[in-house]
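here's my sequence, what's the structure:
(2 chains)
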Amino acid sequence: MADGLIDDQPSHRRRSPIAARRRNTELTLIVMAGLITAVAYALAALGTNAEIPPGIVVFVAILLGLLVCAHIVVRLVARGADGTLLPLAALLHGIGFVMITRLDDRLAGLQATWSLMAIGIFVGTLLFVQRTTDLANKKWLFFVAGAFLLLLPMVPGVGQTFNGARIWVSIGPINFQPGEFAKIALAIFFAAYLAERRELIAAKTWKVGPLYLPEPRYILPVIVAWGFAVIVMVGERDLGSSLLFFTLFVVMMWVATENAGYLFIGAILFGGAAWFSWSNFGHVQTRVSNWINPWDDPLGGGYQTIQALYGLADGGLLGTGLGRGNPGQVPEAQNDFIFASIGEEFGLIGATAILMSYVLIVGAGLRTALRTDRTFEKLLATGLTTIVGVQAFIIIGGVLKVIPLTGITLPFVSYGGSSLLSNYILLALLIRVSDSAARRLGELPDDPTTGERWKAWRLSRRIRQAVKRGETPADFVEAVS
Amino acid sequence: MNQKIRQLAAGLMVCYVVLFVALNYWQVGQKEELDAKFDNTRQVLREFNRPRGEIISADGVVVARSLPDTTNESLDFVRDYPTGDLMSNVTGYFTKDFGSTQVERQYGDVLVGSTVAQQVRGLGNLLDGNVDNAGSVQLTLRHDAQLAAKFALGAREGSVTVTDPNTGAVIAMYSNPTYDPNDFVGVPFEEARDAITELQNADGNPLLANAYQERYMPGSTFKVITAGIGLESGVLTRETNFPRERQYVPPQTNDPINNYNGSQCGGDMAEVFRRSCNIPFAKTAIELGVDRFVAGTKNWGIDEQLPIDLPRAATSTIGNVENLDKALPLLAIRGFGQSEVQMVPLHMAMVAGAVANGGQMMSPYVVDATFDQAGRELDRTSPSLWKTPISPATAALETEFMTGVVQSGTASCCMTLDGGIQAAAKTGTAELGLDSNPDLSHAWIIAFAPAENPRFAISVVLTNVQSTQDVSATGGRLAGPIAKDMLDFLLTGQGAI
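The predicted structure is shown next:
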């Protein structure tokens, strides 16, 4: 019989103290994040309308229900994963939701729908992607998908321009920003491709003058993907995303090849591109002059930044209190400038908590990258974490006048379905990598996934049928492999 | 690769530290500077969306209130001023786009309920779900007295200020031209902007409360101050006698100083005061010298912002005093309130009040008390002494002189009060000395009544009045009747309490 080949025990229920501890931590933190959100929600309504919202019980029930649902799925299919990632995202998401509700009732309903879908897609991603290798194997699919998504807004009749950037796609009733999803697809592609070819790329066998460069045929796909992304983004006038893609690419090349020269080249390329766009594009010049002194044009280009700074100053150390400030003075307060709204009403303390949440997400993501021993997983975790960390930095830095303002959403916090959905996919992938790392470190048994067990069951059935027919197992193994 | 990932972590950490530093910079470091920016409307906006309490006159008339907003300005409340232009000099206005002034500005925290005392008291309300914590402000000004002042002044430019000399409370303070805040509060932005621009460009600064935010040449009413300084320093006594003369040539010049209308004027202190001779006061100023004269005027609060509980009060001045010892003729002229001397009308009422109050000049105030949402008293203004320019003896002497002005002096025409009540007064006719219009003057009177037991001090100024050949525009003749109307109204008329 095939006892040695197939393990029929319900192995996914095997105990693992480390995994159990992580999941219990996650549950505790998630309930805390939910309660913080619920209290903030009630306070915001008190501050604005002086009444406890009538639907508060329903709100708390749905909120905790959703979070616990996400948690249960993690417990079932990724129980070894880091226990802080989901609660941190939930906290950011919750605070963002409260802020959006407080700013605009109409958007609140939409954001609630998006939140529901986001949790759904999070669960779906975790269930669907149970092995990271599934992603690596489909890298060319992600390459094509990324390119397709990036190009989509440029297609006449489909692409839409809002606020000067052509980054929207309208198909029927559905509007979305494909760029938000393209960034994940490209991160997966970069990670998979670089994991496969990093030694070849790092070898630098091609001598051009004094420089040793990687063999063109190895580096070409990466260059193409990157150049494509950046050019398309610049074409769509989406400066924030261009910066994000550029940084993502440089960081991944640097980490994969362990060659600091890529940082150097990246800096030079960035400097050149920045200078070029500054001297050729009016909208870039406007951004820069608004950054240097927004008070030069206080009612025009500088208005948003100035109002955001006034809001932050008005908030001060402790904030005006939820519902007591006037964050609505800032255009796009629910979107790119939501950090200013949080700073105004939650004060320095609340805004610092948001910053800390991102630092902790970055920490958890890069810890995952360090823990895993697979190159692809390392690079994927690094790339995904870089996306979240850098994206948050770009927009918060823009709001705080640290860097020129480039419109981009604040992950998990800003209003918007594309942003929420893509970030929850990203989160699910990070959790998947984290779980995978834990399994490979032996912290919990590397149980077969549902799909694998299904395959195994079918295989064993076919073997039994084959044995009935009188074939030997050896013949059969030969036949199926 | 792990080394690079660690470096990446360190790099991202640095990025977030930079963000944290920037956050601190804006929210804490630059807070005050940003809050103070002129185009920062956060403070006003916050107050706009909260209930704002009423401003009530001393006799219980609501002069400012908030109504639910019915326009499309997307604000919760709109401010309303039921008495129109009557109290706007004191209440000021409260707008989203054009700032706020006077009591609306100074007592904004009470009106929205954000003082510490109100917030502590309002904690219980918050638990009930009631965030209306708005307080109210009760003025010392009486609506009826204000109406009387407006009526007495009529269409003439000028201001009327009545105070209680014993406390400093302002009972009436009305000036013309003024404005109706409803013209630009609670109306659409463009309409409001046009209205306020028109007011800003109008003659006579209607947006300013002329009674305490403007200053005018005081003319002979200033002699109360010069006499006070002279008597306090011993340069003058009750017995001082001045020769009867038409002209006096001060040191350092050959140009003589004349009395009003070039008359011959002199005699004892009571007489020169009663007849308002110029030469004796010019001589007194010269005899005092620059240092004693300037120090003396400072004792009366000149050169110091008026300590009223309203923003941006004006400062009275005797003009530039640098090198005045090399320009003694100017000193002589300032001795009788001409040249660069400029006094705030409210300040002149306080000067009369100081004489009435035994030499004690009280700090003026327009807010009597503030109340919380439930009507409980938060704070009541307690009268405070500002200056003591003269002794009780000098005050008694000046009272005697000022009584003489009413009985047989420059105000004898017009200041005999009803019911046999004796008033004390000093008139002034400030000749502006414009080459283009030599007969243009400010007509003044300052007074208090009853002389023995003063209850009201008053200053009236009519600005830019024109003397004609038949009627000379003197303070006694023009401003006197207004002062009499006001004092009669308050002491024996409808406004008598």
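
residues in contact with residue 432?
Picked chain A for this. A:78, A:81, A:125-126, A:129-130, A:132 (Cβ atoms under 8 Å, 6 or more residues apart in numbering or on different chains). All C-beta atoms are positioned from the backbone trio N, CA, C, and that covers glycine.

not what I meant, chain B
B:217, B:440-442, B:464.

quick check: phi and psi on it?
When read as degrees, to the nearest 10, the backbone of residue B:432 gives phi -70, psi -20.

from the contacts of residue A:432, which land in helices?
Secondary structure assignment by DSSP state H places A:125-126, A:132 of the contacts of residue A:432 in helices.

closest one to residue A:174 out of the contacts of residue B:432, please.
Set against residue A:174, the nearest of the contacts of residue B:432 by Cβ to Cβ is residue B:464 (72.8 Å).

name the SS class of that closest one, please.
strand (DSSP: H, G, I helix; E, B strand; the rest coil).

my read: it touches residue B:442, true?
Yes. In this structure, residue B:464 is within contact of residue B:442 by Cβ atoms under 8 Å, at 7.0 Å.

neighbour count for these two, which is higher?
Neighbour count, other Cβ atoms under 10 Å in any protein chain shown: between residue B:464 and residue B:442, residue B:442 has more, with 27 against 18.

for that one, what are its contacts?
B:216-219, B:428-430, B:432, B:461-465.

for residue B:339, what are its contacts?
Residue B:339 sits next to B:217, B:319, B:330, B:333 when contact means Cβ under 8 Å, 6+ apart.

out of the residues you listed, what pair is the most spread apart?
Largest pairwise distance in the contacts of residue B:339, by Cβ to Cβ, is 13.6 Å, between B:217 and B:330.

ok, which of the ones in helices among the contacts of residue A:432 also contact chain B?
With Cβ under 8 Å from any Cβ of the partner chain as the criterion, the ones in helices among the contacts of residue A:432 include none near chain B.

what's the closest of the residues you listed to residue A:142?
Distance to residue A:142 across the ones in helices among the contacts of residue A:432 (Cβ to Cβ) is lowest for residue A:132, with 12.8 Å.

per-residue confidence for the closest residue to chain A within the stretch 1-150 of chain B?
Per Cβ to the nearest Cβ, residue B:34 is where the stretch 1-150 of chain B lies closest to chain A, at 3.5 Å. Predicted confidence (pLDDT) for residue B:34: 86.

what bridges to residue B:387?
For residue B:387, the beta-bridge partners are residue B:361 (DSSP bridges).

got the contact list for it?
B:299-301, B:354, B:360-361.

for chain A, see how far away it is.
Note on residue B:387: its distance to chain A, by Cβ to the nearest Cβ, to the nearest Å, is 40 Å.

tell me the pLDDT at the residue of the stretch 351-481 of chain A found nearest chain B?
Closest to chain B within the stretch 351-481 of chain A is residue A:400: 4.1 Å, counting by Cβ to the nearest Cβ. On pLDDT, residue A:400 comes in at 93.

and if you look at residue B:47?
68.

isn't residue A:394 up against residue A:408?
Yes. At 5.5 Å, residue A:394 counts as touching residue A:408 under the criterion of Cβ under 8 Å.

what do those two both touch?
Joint contacts of residue A:394 and residue A:408 (Cβ under 8 Å, 6+ apart) are A:240, A:244.

what's near enough to touch the residue most central in space within chain B?
In chain B, the centroid-proximal residue (Cα atoms, centre = their mean) is residue B:212; its distance is 2.1 Å. For residue B:212, the contact set (Cβ under 8 Å, 6+ apart) comprises B:161, B:173, B:306, B:308, B:310, B:313-314, B:344-346, B:364.

and it, that's in a strand?
No. Read with three-state DSSP, residue B:212 is helix and lies in no strand.

list, one by one, the residues from the stretch 201-350 of chain A near chain B.
Counting by Cβ under 8 Å from any Cβ, the stretch 201-350 of chain A sits next to chain B at A:251, A:254-256, A:258, A:298, A:306, A:309-317, A:320, A:324-326, A:329, A:343, A:347-348.

which of those count as buried?
A:251, A:254-256, A:306, A:309-316, A:320, A:324-326, A:329, A:343, A:347-348 (16 or more other Cβ atoms under 10 Å in any protein chain shown).

enumerate every residue touching residue B:223.
So residue B:223 contacts B:273, B:276, B:281, B:336-337, B:426, B:428 (Cβ under 8 Å, 6+ apart).

got it, and residue B:371?
Taking Cβ under 8 Å, 6+ apart, one finds B:135-138, B:377-378 in contact with residue B:371.

bridging residues for it?
residue B:136, residue B:377.

okay, the helix or strand harbouring residue A:467 in PDB with CA atoms only?
For residue A:467, the host element (DSSP states H and E) is helix A:450-468. Output in PDB follows, covering the C-alpha atoms of helix A:450-468 (Å, rounded to 0.1, in the frame of the first residue of the first chain):
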ATOM      1  CA  THR A 450      -6.200  22.700   0.700                       C
ATOM      2  CA  GLY A 451      -5.300  22.600  -3.000                       C
ATOM      3  CA  GLU A 452      -2.500  20.200  -2.400                       C
ATOM      4  CA  ARG A 453      -4.700  18.000  -0.200                       C
ATOM      5  CA  TRP A 454      -7.300  18.000  -2.900                       C
ATOM      6  CA  LYS A 455      -4.700  16.900  -5.500                       C
ATOM      7  CA  ALA A 456      -3.400  14.300  -3.100                       C
ATOM      8  CA  TRP A 457      -6.800  12.900  -2.500                       C
ATOM      9  CA  ARG A 458      -7.500  12.600  -6.200                       C
ATOM     10  CA  LEU A 459      -4.100  11.000  -6.700                       C
ATOM     11  CA  SER A 460      -4.700   8.500  -4.000                       C
ATOM     12  CA  ARG A 461      -8.000   7.700  -5.500                       C
ATOM     13  CA  ARG A 462      -6.500   7.100  -8.900                       C
ATOM     14  CA  ILE A 463      -3.800   5.000  -7.300                       C
ATOM     15  CA  ARG A 464      -6.500   2.900  -5.600                       C
ATOM     16  CA  GLN A 465      -8.300   2.500  -8.900                       C
ATOM     17  CA  ALA A 466      -5.100   1.600 -10.600                       C
ATOM     18  CA  VAL A 467      -4.300  -1.000  -7.900                       C
ATOM     19  CA  LYS A 468      -7.800  -2.400  -8.400                       C
END
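
buried set for that helix?
Those would be A:453, A:459, A:463, A:466, for helix A:450-468 by 16+ other Cβ under 10 Å.

hang on, the earlier thing: enumerate every residue touching the nearest residue to the residue of the stretch 1-150 of chain B closest to chain A once chain neighbours are set aside.
Spatial nearest neighbour of residue B:34, chain neighbours left out: residue A:313 (3.5 Å); criterion: Cβ to Cβ, 6 or more residues apart in numbering or on different chains. Contact analysis of residue A:313 by Cβ under 8 Å, 6+ apart lists B:26-27, B:30-31, B:33-35, B:40, B:42.

so where do the strands sit in chain A?
A:159-162, A:165-171, A:174-176, A:206-208, A:211-213 (DSSP state E).

what about the residue in the stretch 251-400 of chain B that chain A sits nearest to, how many neighbours?
Nearest residue of the stretch 251-400 of chain B to chain A, counting by Cβ to the nearest Cβ: residue B:373, 13.3 Å away. Burial measure for residue B:373: 18 neighbouring residues, criterion other Cβ under 10 Å.

please apply the same query to residue A:168.
20.
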